[in-house]
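Q: Fold the following, please.
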Amino acid sequence: MYLIVIGWMYVVLMMSVAEATNTTGTVLGGIVTFFLYGILPVGIVVYVMRAPQRRRAIKAREAAEDAARATATAPDARAASTQPDTGGEAPGAAEPGGVAPVRKEP
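A: Next comes the predicted model:
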């Protein structure tokens, strides 16, 4: 895919040079030609063509994070005693005489 991109950019560069050096052309026309025929379409095509690769990379990263999280939170007697509240469960009921979580409006 990159060989086609490099070839197209070469063609666009030559078109831009021809536009800029022509007797009726201008340097601004060459620059506009380079961006509108070269940089913009090639950027869009490369972005679209790399979408599956980006998706695979994201899934691989998520799988690695899940695996790391699974090994870190594996049920182990020593790990449970040294790291409290790692089970992800809600804490127990409030103690009597504690502060109420919701108060009445005055």
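Q: ok, and for the longest helix anywhere in the chain, which residues are buried?
A: Longest helix in the chain, counting residues (DSSP state H): helix 51-72. Judged by neighbour count using 16 or more other CB atoms under 10 Å, helix 51-72 contains no buried positions. Yep, even glycine has a C-beta here, placed from its N, CA and C like the rest.
Q: cool, stretch 23-33 as well?
A: Quick answer for stretch 23-33 (16+ other CB under 10 Å): 30, 33.
Q: residues in contact with it?
A: Outside of stretch 23-33, the residues within contact range by CB atoms under 8 Å, 6 or more residues apart in numbering are 12, 15-21.
Q: and with 6 Å instead?
A: Contacting residues not belonging to stretch 23-33 are listed as 15-16, 19-20 [CB atoms under 6 Å, 6 or more residues apart in numbering].
Q: ok now that stretch, how far from the chain's centre?
A: Remark: stretch 23-33 is offset 37 Å from the chain centroid, using CA atoms, centre = their mean, to the nearest Å.
Q: could you give the mean pLDDT of it?
A: Averaging pLDDT along stretch 23-33 gives 92.
Q: Please apply the same query to stretch 65-72.
A: Stretch 65-72 comes out at a mean pLDDT of 84.
Q: mind putting the contacts of stretch 23-33 in CSV, pLDDT, neighbour count and secondary structure included?
A: Below are the contacts of stretch 23-33 laid out as CSV (pLDDT from 0 to 100; neighbours: other CB atoms under 10 Å; DSSP: H, G, I helix; E, B strand; the rest coil):
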residue, pLDDT, neighbour count, secondary structure
15, 95, 15, helix
16, 95, 21, helix
19, 93, 20, helix
20, 93, 16, helix
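Q: Put together JSON lines for those residues, with distance to residue 32 on each row.
A: Shown next, in JSON lines, are the contacts of stretch 23-33 (distance: CB to CB, whole Å):
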{"residue": "15", "distance to residue 32": "11"}
{"residue": "16", "distance to residue 32": "9"}
{"residue": "19", "distance to residue 32": "8"}
{"residue": "20", "distance to residue 32": "10"}
